[in-house]
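predicted model follows, preceded by the sequence.
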Amino acid sequence: MLKIDKDKCTGCGECEEVCAFGAISIKDDVAEIDHDTCTLCGTCVDTCPSGALEIESKKEEQKILDKDNWRGVWVIAEFRSGRLFPVTFELLGCARKLADKLDVPLSAVLIGNNVKDFASELIKYGADQIYIVDHPNLAQFLEIPYTNVLVELIKRYKPEIILAGATAQGRSYIPAVATILETGLTADCTELDVRIEDRALLQTRPAFGGNLLATIVCPNHRPQMATVRPHVMKALEPDDSREGEIIEVKIDESLFETSTKLLESTVEEQTGVDLANADIIITAGRGMESKENLSLVEELAKLLDGAVGATRAVTDAGWLSERHQIGQTGKTVSPKLYVGCGVSGAIQHIVGMKGSDIIVAINKDPDAPIFDVSTYGIVGDVKEVLPKLIEKIKKEKGL
Amino acid sequence: MRFVVCIKQVPDAANVRFDPEKGTLIREGVEAMINPFDLNAIEAAVQLKEQLGGEVVCITMGPPQAESALRDALALGVDSAVLLSDRAFAGADTLATTRTLAAGIKKLGGADIVFCGKQAIDGDTAQVGPGLAARLGLNYATCISELEFIKDTNCLKVKRAWEEGYDILEIKLPALVTVLTCINTPRVPSLKGKLKAKKANIPVWGAKDLGLDTSLVGLSGSPTQVVTTCVPKFEAKKEMLEGDVEEKVDTLLNRLKEAGIL
Ligand SMILES: Cc1cc2nc3c(=O)[nH]c(=O)nc-3n(C[C@H](O)[C@H](O)[C@H](O)COP(=O)(O)OP(=O)(O)OC[C@H]3O[C@@H](n4cnc5c(N)ncnc54)[C@H](O)[C@@H]3O)c2cc1C
Ligand SMILES: Nc1ncnc2c1ncn2[C@@H]1O[C@H](COP(=O)(O)O)[C@@H](O)[C@H]1O
């Protein structure tokens, strides 16, 4: 329950303002909590300048008795269509640092059929050990067998931290694994670190309730599990001289059984928007004001040989398809040049583009948060700035 | 057949705005609504019921006011609804949420097919669907864009999207699916539906009714905890370009040329 210390409360009202759920109101100069509406998100606790708010948990420290038996950092490799997905290498890059800090080995888990040859690649990118489960029944990704195999491996080897890609595959079976193990799982982390004192994995992700980043821990359960989206972390340079150990694990074949049948698997040709690989991205925000005005963004993108990005406000309005969306729910991009046109800079958007080399923001509100991450800021109306920009670039190009 | 749809009431994110001056949320005019993906889950279940017969039950875990989301669902062709509500449920992470929802579905007598949205737009975790399937021991598939019931084999034939294409799967009932918005177009509520929704009796089940130990639900039953929230600080080489529009654009072009981009 959210508790308020009435003696400490000054009735300043900051908690009322930050509460996204309308659960706090100031009455007679003291904050009053509507416990039915409160979701215990904790935003107010952090905001309160006088420390009057506290979330009281009935939890008697649920100790997991053998916490010390859980050691090591794991990355779940994603193997599909005959290759390792790049997110695997990115996860290894991040996990390497965590493992070094904790002074434990970094292991990768590789599940599939005829995947042994790929183990060396995982070693080059930072893994010390590879657990391989290689079997014809695992040739295709199916939820139940993959879940069973991973749960079995985790129970057998007890890693303290597990990272997986927040891809269609990872998002599909990793939550089932965490549920069976009765442990926590944090989705779509944008930053990961460890706290040495208690070996806690500090998992940071954007939080609902404003422009906030929340850091989440899983103190009393093991393993600590997190997913990370593609393009968020950086892979290490592959190092051919690295050595590692390959462990082929035998698993009871009954765990591969499932009544689910894969009838067909199709790779569609990717057409149109290739945000992830574009060098220049011109992004439309709600400040473009109408679907018609997007032609300005499209024209600029075309002139610069770039791609068109969008905020969720724009895709929600149906001005552009979801495939253009950048951010927590969309794609993560890191082009050489990002230009935000009428984009406010909500944290859920920023986590998807802050890795860009040069960030230009055009916004008529000088206080828009996007200017905090921008290399160059232009305070102005997109309907004036963009035509001018297009005109000048055209002139330079002799068009 | 019994179809159970899990829905969540979320704040209408499109209307939650940030006040850059005060650094706080502007909540004015923000209404609660059914998570958009869940509208597609409702529609998918109702369409299947219209085709095969049976009943559609909607279930949500939330505060008392989440009842209004269930009434909205009833107006969309859902037959009955149950609200899982208890102060002990507050602060649940996805693990605790699946425990409560699973208990609710068991109390309903189980389901042939459970429908969830792909994700809830307030937290965007997409974890509740697969977690719930694991708890209930159901076959499942996530991110479904097409679905068809195959009578002979008692299976669902589904089209599942992934980054580079799609899979066609046959999953045996009982099963759980999480749906994408492209699977269908949710209907608008009918007048008859609205009337029915208004009159419907919606039972409320708490931890006791579900036989759940309160230390295993809500905040107490959640392994993950938020330790800090912060307004992120960014170190950008921030240069605000000065002058009139003409001058600003010229400076920008010069900077981009210096950087070798133009
Ligand atoms: C769980 C969750 C996940 C989310 N995921 C994403 C995501 O992946 N991607 C994403 O983008 N968002 C995401 N959002 C939404 C995000 O919080 C913001 O609502 C969204 O990014 C805002 O889009 P916007 O900047 O286009 O619109 P607004 O915030 O409305 O900003 C419009 C801006 O345009 C400016 N403006 C208006 N008119 C003009 C003009 N004529 N000229 C110049 N400037 C003008 C205004 O000053 C304002 O700053 C998510 C939200 C949640 C809760
Ligand atoms: N509190 C809840 N009550 C009922 N269903 C829920 C709840 N939370 C999540 N769900 C379901 O799980 C889906 C995914 O939610 P999430 O994992 O929170 O992104 C939603 O689309 C709903 O179908």
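That came in fine, so what should we check first? Numbering: from 1, shown residues only, chains lettered A, B, ... in the order given. Ligands and ions are numbered 1, 2, ... in the order given.

what does the lowest-mean-pLDDT helix or strand in chain A rub up against?
Every helix and strand of chain A was ranked by mean pLDDT, DSSP states H and E. The lowest is helix A:43-47, at a mean of 82. By CB atoms under 8 Å, 6 or more residues apart in numbering or on different chains, the list of residues contacting helix A:43-47 from outside reads A:2, A:14-15, A:18-20, A:24, A:53-55, A:207, A:209-210, A:212, B:228-230. Where C-beta positions appear, they are placed from N, C-alpha and C, glycine not excepted.

do it and ligand 1 come into contact?
No - Helix A:43-47 lies apart from ligand 1 when judged by CB under 6 Å from any ligand atom; the minimum separation is 13.1 Å.

can you flag which of the contacts of helix A:43-47 belong to strands?
Counting by DSSP state E, the part of the contacts of helix A:43-47 found in strands is A:Leu2, A:Ile24, A:Leu53, A:Glu54, A:Ile55, A:Ala207, A:Leu212, B:Thr228, B:Thr229, B:Cys230.

and the fourth one, how many neighbours?
Translated: A:Glu54. A:Glu54 has 15 neighbours, counted by other CB atoms under 10 Å in any protein chain shown.

which residues of the stretch 1-150 of chain B score low on pLDDT?
Within the stretch 1-150 of chain B, the stretches with pLDDT under 70 are B:13-30.

in it, which spans are strands?
Secondary structure of the stretch 1-150 of chain B by DSSP state E, counting those that start in this stretch: the strands cover B:2-6, B:9-11, B:17-19, B:24-26, B:32-34, B:55-61, B:80-84, B:113-117, B:139-150.

pick the most deeply packed of these.
Stretch with highest mean neighbour count among the strands of the stretch 1-150 of chain B: strand B:113-117 (a mean of 28; mean count of other CB atoms under 10 Å in any protein chain shown).

ok, that one: who's next to it in the sheet?
Looking at strand B:113-117 with DSSP bridges, its partner strands are strand B:2-6 (parallel), strand B:175-179 (parallel).

now the first one: how far from the chain's centre is it?
Okay, so that is strand B:2-6. Distance of strand B:2-6 from the chain centroid (CA atoms, centre = their mean, to the nearest Å) equals 14 Å.

okay, the strands of the stretch 1-150 of chain B in TSV with distance to A:Leu262 next?
Formatted as TSV, the strands of the stretch 1-150 of chain B follow (distance: least, CB to CB, whole Å):
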stretch	distance to A:Leu262
strand B:2-6	24
strand B:9-11	33
strand B:17-19	44
strand B:24-26	45
strand B:32-34	32
strand B:55-61	28
strand B:80-84	34
strand B:113-117	19
strand B:139-150	10
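
B:Ile202: which of the ones you listed is closest?
For B:Ile202, the closest of the strands of the stretch 1-150 of chain B is strand B:80-84, at 5.1 Å, according to CB to CB.

break chain A into its domains for me.
A:2-60, A:67-256, A:275-397 (automatic domain parsing).

can you get me a residue count around residue 103?
Using chain A here. By other CB under 10 Å, the residues close to A:Asp103 number 8.

not what I meant, chain B
Using other CB under 10 Å, B:Ala103 has 21 neighbouring residues.

and the residue of the stretch 51-200 of chain A at minimum distance from ligand 1, what does it touch?
Per CB to the nearest ligand atom, A:Asp188 is where the stretch 51-200 of chain A lies closest to ligand 1, at 9.1 Å. Applying CB under 8 Å, 6+ apart, we find A:Asp188 in contact with A:Ala166, A:Arg205, A:Pro206, A:Thr227, A:Val228, A:Arg229, A:Gln328, B:Asp124, B:Thr125.

one more pass at 6 Å, please.
If you count contacts by CB atoms under 6 Å, 6 or more residues apart in numbering or on different chains, A:Asp188 has them with A:Ala166, A:Arg205, A:Arg229.

would you turn those residues into TSV with secondary structure?
Conversion of those to TSV gives the following (DSSP: H, G, I helix; E, B strand; the rest coil):
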residue	secondary structure
A:Ala166	coil
A:Arg205	strand
A:Arg229	coil
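
CA-only coordinates of the longest helix anywhere in chain A in PDB, if you can.
When chain A is scanned for its longest helix (criterion: DSSP state H), the result is helix A:86-102. Backbone C-alpha positions of helix A:86-102 (Å, rounded to 0.1, in the frame of the first residue of the first chain) are rendered in PDB as follows:
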ATOM      1  CA  PRO A  86      22.700  -9.600 -35.000                       C
ATOM      2  CA  VAL A  87      20.900  -8.900 -31.700                       C
ATOM      3  CA  THR A  88      22.700 -11.900 -30.300                       C
ATOM      4  CA  PHE A  89      26.100 -10.200 -30.800                       C
ATOM      5  CA  GLU A  90      24.800  -7.000 -29.300                       C
ATOM      6  CA  LEU A  91      23.600  -8.800 -26.200                       C
ATOM      7  CA  LEU A  92      27.000 -10.500 -25.900                       C
ATOM      8  CA  GLY A  93      28.700  -7.100 -26.100                       C
ATOM      9  CA  CYS A  94      26.600  -5.800 -23.200                       C
ATOM     10  CA  ALA A  95      26.700  -9.100 -21.200                       C
ATOM     11  CA  ARG A  96      30.500  -9.200 -21.500                       C
ATOM     12  CA  LYS A  97      30.700  -6.100 -19.300                       C
ATOM     13  CA  LEU A  98      28.300  -7.500 -16.800                       C
ATOM     14  CA  ALA A  99      30.200 -10.800 -16.500                       C
ATOM     15  CA  ASP A 100      33.500  -9.000 -16.100                       C
ATOM     16  CA  LYS A 101      32.100  -6.800 -13.400                       C
ATOM     17  CA  LEU A 102      30.700  -9.800 -11.500                       C
END
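
now do that helix, average pLDDT.
Across helix A:86-102, pLDDT averages out at 98.

who are the packing partners of it?
Under the contact definition 3 or more CB pairs under 6 Å, 6 or more residues apart in numbering or on different chains; DSSP states H and E, helix A:86-102 sits against strand A:73-76, strand A:106-112, strand A:161-165, strand A:191-195.

just the endpoints, please. Distance across stretch A:222-238?
End-to-end distance of stretch A:222-238: 30 Å, with CA to CA, to the nearest Å as the criterion.

list the buried residues of it.
Going by neighbour count (16 or more other CB atoms under 10 Å in any protein chain shown), the buried part of stretch A:222-238 is A:222-233, A:235-236.

cool, stretch A:75-92 as well?
By 16+ other CB under 10 Å, the buried positions in stretch A:75-92 come out as A:75-80, A:84-85, A:87-92.

get me the contact residues on the stretch 51-200 of chain B for ligand 1.
The stretch 51-200 of chain B has residues B:Ile121, B:Asp122, B:Asp124 near ligand 1, with proximity defined as CB under 6 Å from any ligand atom.
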